[in-house]
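S.K.: All I have is the shape, not the residue letters:
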């Protein structure tokens, strides 16, 4: 098989990790990196794609330093980026609660939570700058929760033994994003950032081996526009929408990532996708997206399914109510399987356990793809008022969507795609394998390994944007101060624009009989069934073939109405879907080559006797980096070996 | 066992900003009451694409009530007849079988129509750019706990900061005023010690920008608060007035 | 000038002039009820407010207040209609918790203007105006009680006054708390309080005003 050939090869890649002890690497790097002086900064242009936590914070910080920044987002305003939907909180090693937290502990928990598949040096740096993020956000006026003494409050999150999560009600992502957005707005007002809202990046322009600009489509006029910059930074988020149904926003896409990949940037660890256990289940084939219910609910809710199959069947048929099932006929399967952690096992473990029960025929809800999250015990123990105070907004949200009162009947939940740890490969400087092309936030692969801990996504996005990229990009730009602004009439720009136009014309001219969404749903089902929570060799091989068929179907039979040179939502979706199909193929190939189970990647063949993930550090302690080799040839896989110099790898255990 | 309804939709269609608009009528049968309002429009669009017609353009993104991108003025209400939710959280069970549902774009001089139900809310960004921030650069800020903030102030600031910038306030206002939006930001920052330094300048700059962009005068009807998906209170407008007046009297 | 150029400034002017007029109405209504107890006492008040310099100055002040209030109302309404945009909503509904009066202040204001014209013609033109210009029946110019008897014993006028006063009541119930809101003298606690105070004060003013035509109407009916 061709994909096996691809895995057989593999050349080592250099991540440019600075020398020295772990705790001194970042300081050493900063002390010795090259800088750009203020007069030269004015002469340098930087494109930032995306206005989420990473993009907005990077664009604002770079503009404050004096660079000229061009900032792009597909939404109507930078404030709408999907970082806004993060609920729980943001981690930092402040140790305000005096419970023994430290930079090292945050680093260690993150590495362990990622199932030892992240780069030590990057994660340590992340933990190191985490405290500055909190200070920065407070200074911006982010209204974090406070205790009665007026100081910052913390809550606990999964995967840690300390309270290190800062939060703003259930809207932490919103408040942090609005903080970054306010900083960005200030720079836009000053004229230091030029904002291009409702613009979607469709290609990066490479001149003499360096990223020198992008091609973007103005989504309102449909015009294809060219933009030059000395460096290009992409913070375009994750690619979870390859599954069609996910907790991502409708517009979240992997197109910028695929364009970078096609221009030579490696796509790393595409198979690491996080499936969040507590989402509202699918309720109909018209469904457009899935809604997450915060991880915090598992503090007081108990997860169960009926013990007897006939009860489950009766519930699915609507003949039996869950409250009618006697205590002894309920299977609290997480408490049964993981007595030590119970309902608070990590996300990947909880998700797989739910799928196992439903596949075995014990699922509830009309589709049989749901389990109960029951608060009856918590209400009996604490009273409804306390439960309302803790989770009231989540219960209200659930009731609005499902039209069922979770105080009276147990909530129904099911796992859903939530976050992608994989992404564009970057080195320690957040530079991709293409010079001058940087990638930040969820779009890159760097810090979470094979599984992300709760409240770490916000931390990583802001770390990259405020405190890492603004330094590391200077190391690159210091050599570029002699490079004058280039004309967008150069042949490279012309070619890139032509390629984009050709692609659009091709899609418009197919005029087949399938809508974009119908093909996307088909892709989503293949992804969910074969590249979802439990994967195996046979299924993944099938998936690779099925995705090829979907690709053919798309390019032969899609129908896009309207004109390309005007606002055309179907065309936008078609362009994104074309790239999701590519990503789907990469995910399946990557999952196929990784013959081990780790974090969000679970291969049925590789599990312990009790059904737990079985890692293979001897053979798979690397980041798989996929290199584009052409439209119709198989991608090539390179390896960045992960050397654990400072901590010892262990098998994760949540039973005792 | 799934309950479904048949509905008639009157939808505003407008090809472009300058083009004249009109209502089109569509019939949809067997819509599940569990579908969200936007999923219902997805179904209609899927049908339109199937008939090789152009689908209805409308703004939406996160579909969980926080990004503020969805708009739609449904049966006389921004974000539809339910309370404290955005359009994406509205479900078809709020409508009855045989009902005619009228869907219009936000209408306000400050929000010109781009196409169909999509409007340009860039004016809100411009108002924030005029002063909705604290002028600090990245780095060199004091420790997060250096400034204790009384919990009631922090909580009230959070109430204001919950604004999602969707534009329902101006869309609901008979005066096309953006006061609730401006007030939410001014109030949030006026309540926090970090916001004190630029307090006066901020209120003046943001009010001036709002005026310049063609939004109307607040006449305290309270329609904004009633339609706000995040229930931002008009008491923040009072604070904005106080901030502005004290800044002007101090001059 | 920010009192003209800024939305908050314009609302401040509306509020200040409105609040001053409320105080005048409160005084006027209390003065009126005197007639129910003693027509002589009432006429003494009328004489006091006749062609004296302070009464004339006050009248001019009132005219200015009404003029500014009216002028700003026109400006605000014009600007607000423009801010609404060219296309109007096809469906409009009233939101829960939103007073009818708050959305119809300009219409109510016009009603009050009509009322004012009628009232000035019937009373002020026959009293202070005559005293100042000596055009008309000078003898009856200080005899307010006569004019009250004359008009309010006619059911048409009495009922017209009662109806128009109801319009004024609606205007005041919104106007008073709205002024406080525009001055920024409101917050979460005071907003509901101001609304209550608004209702109480307007009801007192209007009840006092209405008492006069009602009593005289009844008097005329029972002969």
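M.R.: Sure, I can see it. Remember, predicted model here, so these are calculated numbers, not experimental data.

S.K.: What segments of the stretch 401-550 of chain A are helices?
M.R.: Taking DSSP state H, counting those that start in this stretch to define them, one finds helices in the stretch 401-550 of chain A at A:457-462, A:469-477, A:491-510, A:516-530, A:537-557.

S.K.: Pretty sure residue A:77 sits against residue B:165.
M.R.: Yes. Using CB atoms under 8 Å, residue A:77 is in contact with residue B:165, at 6.8 Å. (C-beta placed from N, C-alpha, C; glycine too.)

S.K.: who touches both of those two?
M.R.: Residues touching both residue A:77 and residue B:165 (CB atoms under 8 Å, 6 or more residues apart in numbering or on different chains) are B:68, B:121, B:124.

S.K.: Give me the number of neighbouring residues for residue C:37.
M.R.: Counted by other CB atoms under 10 Å in any protein chain shown, the residues lying close to residue C:37 total 9.

S.K.: Report the contact partners of it.
M.R.: Listed by CB under 8 Å, 6+ apart, residue C:37 has no contact partners.

S.K.: and the gap between it and chain A?
M.R.: Residue C:37 sits 57 Å away from chain A, going by CB to the nearest CB, to the nearest Å.

S.K.: Now do the contacts for the residue of chain C found nearest chain B.
M.R.: Of all residues in chain C, residue C:184 sits closest to chain B, at 2.8 Å by CB to the nearest CB. Contacts here follow CB under 8 Å, 6+ apart; on that basis residue C:184 touches B:238, B:239, B:240, B:241, B:242, B:243, B:244, B:245, B:246.

S.K.: Give me the pLDDT for the second one.
M.R.: At residue B:239 the predicted local confidence, pLDDT, stands at 98.

S.K.: what's the host helix or strand of it packed up against?
M.R.: Per DSSP states H and E: residue B:239 is located in helix B:235-250. Helices and strands touching helix B:235-250, by 3 or more CB pairs under 8 Å, 6 or more residues apart in numbering or on different chains; DSSP states H and E, are helix B:179-191, helix B:199-212, helix C:7-37, helix C:155-183.

S.K.: Check what contacts the next helix or strand after the third one and list those residues.
M.R.: Sequence order places helix C:39-48 as the next helix or strand after helix C:7-37, per DSSP H and E. Defining contact as CB under 8 Å, 6+ apart, one finds that helix C:39-48 is touched by C:31, C:34, C:35, C:55, C:127, C:142, C:143, C:144, C:145, C:148.

S.K.: Which of these sits closest to residue A:83?
M.R.: Closest approach between the contacts of helix C:39-48 and residue A:83, by CB to CB: residue C:31, at 64.4 Å.

S.K.: what sits against the closest one?
M.R.: Residues in contact with residue C:31, defined by CB under 8 Å, 6+ apart, are C:42, C:45.

S.K.: circling back to that earlier point, got the buried residues for the helix holding residue B:239?
M.R.: By neighbour count on 16 or more other CB atoms under 10 Å in any protein chain shown, the buried set for helix B:235-250 is B:235-245, B:247-248.

S.K.: can you give me how far that helix is from the chain middle?
M.R.: Mean-position distance between helix B:235-250 and its chain equals 23 Å (CA atoms, centre = their mean, to the nearest Å).

S.K.: is it possible to export the helices of the stretch 401-550 of chain A to JSON lines including mean pLDDT and distance to chain B?
M.R.: Output for these, formatted as JSON lines (pLDDT from 0 to 100; distance: least, CB to the nearest CB, whole Å):
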{"stretch": "helix A:457-462", "mean pLDDT": "97", "distance to chain B": "10"}
{"stretch": "helix A:469-477", "mean pLDDT": "98", "distance to chain B": "7"}
{"stretch": "helix A:491-510", "mean pLDDT": "98", "distance to chain B": "13"}
{"stretch": "helix A:516-530", "mean pLDDT": "97", "distance to chain B": "6"}
{"stretch": "helix A:537-557", "mean pLDDT": "98", "distance to chain B": "13"}
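
S.K.: got the contact list for residue A:468?
M.R.: A:125, A:129, A:430, A:440.

S.K.: okay, now whichever residue of chain C sits closest to chain A: neighbour count?
M.R.: Here chain C gets closest to chain A at one residue, residue C:188, 16.4 Å apart by CB to the nearest CB. Per other CB under 10 Å, the neighbour tally for residue C:188 reads 14.

S.K.: per-residue confidence at residue 155?
M.R.: No chain in the question, so chain A it is. For residue A:155, pLDDT reads 84.

S.K.: looking at chain B here, not the other one
M.R.: 94.

S.K.: Find the helix or strand that it is a member of.
M.R.: Going by DSSP H and E, residue B:155 is in helix B:151-161.

S.K.: Go ahead and name everything in contact with that helix.
M.R.: With CB under 8 Å, 6+ apart as the criterion, helix B:151-161 contacts A:141-148, A:150, A:168-169, A:175, A:178, B:183-185, B:187-189, B:191-192, B:232-233, B:236, C:188.

S.K.: Around chain C, which positions in the stretch 151-251 of chain B sit nearby?
M.R.: B:156, B:172, B:174-177, B:179, B:207-208, B:210-211, B:214-223, B:225-227, B:233-235, B:237-246, B:248 (CB under 8 Å from any CB of the partner chain).
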